[in-house]
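Quick one, what's the 3D model for this:
(chains A and B)
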Protein chains: 2
Amino acid sequence: MFYVIGLGLCDEKDITIRGLEAIKGSSRVYLEAYTSILMVPKERLEAFYGKELILADRDMVETESDEILRRAATEDVSLLVVGDPFGATTHTDIILRARAQGIPTRVIHNASIMNAVGACGLQLYSFGQTVSLVFFTESWRPDSFYDRVRENAELGMHTLVLLDIKVKEQSEENLVRGRKIYEPPRYMSIPTAVSQLLEVEESRKAGILAPDTTLAIAVSRIGGGEGNERIVAGTLAQLCDAPRETFGEPLHSLVIVGKRLHHLEAAYTASYAIDGTKWKEIAQNVYGCNFD
Amino acid sequence: MFYVIGLGLCDEKDITIRGLEAIKGSSRVYLEAYTSILMVPKERLEAFYGKELILADRDMVETESDEILRRAATEDVSLLVVGDPFGATTHTDIILRARAQGIPTRVIHNASIMNAVGACGLQLYSFGQTVSLVFFTESWRPDSFYDRVRENAELGMHTLVLLDIKVKEQSEENLVRGRKIYEPPRYMSIPTAVSQLLEVEESRKAGILAPDTTLAIAVSRIGGGEGNERIVAGTLAQLCDAPRETFGEPLHSLVIVGKRLHHLEAAYTASYAIDGTKWKEIAQNVYGCNFD
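The predicted model follows:
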């Protein structure tokens, strides 16, 4: 059996009982480490699972799937994935290959940011399509995400914005010299994300994002529990100007609040606001919420 | 501490390690049984958790929250919820009450249909807002969901349609006589859902849903593993005409495929199609997928 197992969002204890049983029964266990990053090191997972983990970067999952699937028809092999196996990056490819080889497969689901974002107090029902925001560089400032945000905004839907993570990056020099030396991972911060959004609004001018009247919610380390998880609500300008400590360690995601904001959503999220009075004022005057 | 714990989608083994530890340490454990239904009886959960579960219907969670939160400031109390605590029904209300009483709270996330639907092979990124479909009666045929489906469709996004579940229903006679005798639970089937969708299309005529050229995917018992989970893809007409056994036992959900369907999504989902050739033909001719 080939298992693809979601690890959930935070640490070694977020795996399900079914997932843990599959790991314990597997002869090889791969850990995919690309799209997202758990809050704990690999060694802590290994100690908890009582298994050695083979690190598989995204390339390996795509190009060496035969090695991963080796003997999976007769033994159990597991591939561990942060969040849910069908979250931001789907694992349809390797599942198709397994099936083509007649290997039975089983997906073990878990929480991902795509559903756990509901913790911010906005209804999952009212989210439109999800967008990803990549780090802008001098020469590469892709802005097609803006069309998606606009489509959601025009319908009044909320938008979950997933922020870029750079792992296994090489400096230009190391790349040119063929040295496999990697830079430390980089995670996009909330202020960077907001300033990129506002930069694109500035050039595209559809009037979707306004620094002082568009509400947004920054969610950090969702599922990490009190003292770790952080949810911070504010206008785009407030979030952009907030000191970095406001949001704490990665990972961060951002929700742009849609105009269909319900007054109960507004009231709940106000408890996370940098300035609750202003939050409610904008919810009332700009979003049309009626708190009476 | 007051814990709100997601149980995931199928059975007792879908809980996370963190969730199980919280249950074991709790002096009282409530099981919310309203919005959705696990595939196993309460007794099996109790045996596995080694704890007695107190059934809490939705009413009780809303009206007797003080009883649920009793002594949670000094002891651990858990509320178990099928799926994720912020899935279809959010539990913001009782969390707010707990906070108002100074009770520390922790949400333990899990998979819900809102993210596990990715198992059907469509990208979660490309889903628009989610809709709920209730059983039509002689006199009550609410069709506001159609506006949401249309909004998604016009943007080419997929729509997850959650199907009605009726639990604790009373017959009119029992209701009139005040007898608390409940009818057996009813779950909306895929053919019923599709025929309701088509009935509303018939009257609203926006040309969003066509029996022979709109693609849809029925997902049943997602997370249940091979032999239990079932994913069936077809035109609306094919799904409507399929014998009930095609979909098996509840729970069922339906995905209406949006026009932005990617050719890789179309190729993957074709493996679930009632008629794979027709599926690809429509994907190509109506949805504009290019398989070359």
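
Up against chain B, what does the stretch 151-292 of chain A have?
Contacts of the stretch 151-292 of chain A with chain B, taken as C-beta under 8 Å from any C-beta of the partner chain, map to A:151, A:155, A:157, A:222-223, A:225-226, A:264, A:268, A:271. In short, each C-beta sits where N, CA and C put it, glycine included.

Which pair of those residues spans the longest distance?
A:151 and A:226 (35.5 Å; C-beta to C-beta).

Give me the more crowded residue out of those two.
Ranked by neighbour count (other C-beta atoms under 10 Å in any protein chain shown), residue A:151 and residue A:226 place residue A:151 first, with 21 against 11.

Which residue does the stretch 101-250 of chain A have closest to chain B?
residue A:118 (2.7 Å; C-beta to the nearest C-beta).

what about residue A:80, how many neighbours?
Residue A:80: 28 neighbours (other C-beta under 10 Å).

ok, the closest residue to the residue of the stretch 101-250 of chain A closest to chain B other than its chain neighbours - contacts?
Closest residue in space to residue A:118, ignoring its immediate chain neighbours: residue B:86 at 2.7 Å, by C-beta to C-beta, 6 or more residues apart in numbering or on different chains. Residue B:86 sits next to A:115-119, A:124, B:92, B:107, B:109 when contact means C-beta atoms under 8 Å, 6 or more residues apart in numbering or on different chains.

hey, what's residue B:86 bridged with?
Bridge pairing for residue B:86 (DSSP bridges) gives the partners residue B:90.

partner strands of the stretch of helix or strand residue A:79 belongs to, parallel or antiparallel?
Taking DSSP states H and E as the criterion, residue A:79 maps to strand A:77-81. Next to strand A:77-81 in the sheet, as set by DSSP bridges, lie strand A:2-6 (parallel), strand A:28-32 (parallel).

Provide the contact partners of the first one at residue level.
Translated: strand A:2-6. A:15, A:19, A:22-23, A:26, A:69, A:72, A:76-85, A:87, A:91, A:94-95, A:98, A:103-112, B:111.

swap the cut-off to 6 Å and go again
If you take C-beta atoms under 6 Å, 6 or more residues apart in numbering or on different chains as the criterion, strand A:2-6 is touched by A:19, A:22, A:72, A:77-81, A:83-85, A:91, A:98, A:103, A:105-110.

Toward the C-terminus, what is the element adjacent to it?
Following strand A:2-6 in sequence, per DSSP H and E, is helix A:17-24.

tell me the angle that next one makes with strand A:28-32.
120 degrees (axes from the mean of the first three to the mean of the last three C-alpha atoms, to 10 degrees).

Which residue ranges of chain A form strands?
Taking DSSP state E as the criterion, chain A carries its strands at A:2-6, A:28-32, A:54-56, A:77-81, A:105-108, A:131-133, A:159-163, A:165-166, A:186-187, A:215-220, A:230-235, A:252-256.

Flag whichever of those strands has the least confidence on average.
In terms of mean pLDDT, the lowest-scoring of those is strand A:165-166 (a mean of 86).

how far out from the middle of the chain is it?
11 Å (C-alpha atoms, centre = their mean, to the nearest Å).

quick one: strands adjacent to that strand?
When DSSP bridges is applied, strand A:165-166 pairs with strand A:186-187 (antiparallel).

what sits up against the partner strand?
So strand A:186-187 is contacted by A:165-166, A:250 (C-beta under 6 Å, 6+ apart).

what's the answer for stretch A:256-271, then?
A:121-122, A:126, A:156-159, A:215-216, A:233, A:276, A:279-280, A:283, A:287, A:289-291, B:92.

List the buried residues for it?
For stretch A:256-271, a neighbour-count test (16 or more other C-beta atoms under 10 Å in any protein chain shown) marks A:256-259, A:261, A:263-271 as buried.

From these, which land in helices?
Using DSSP state H, A:263-270 are the members of those that sit in helices.

and of the residues you listed, the nearest to residue A:199?
residue A:269 (25.5 Å).

Would you check how far apart that closest one and residue A:31 are?
35 Å (C-beta to C-beta, to the nearest Å).
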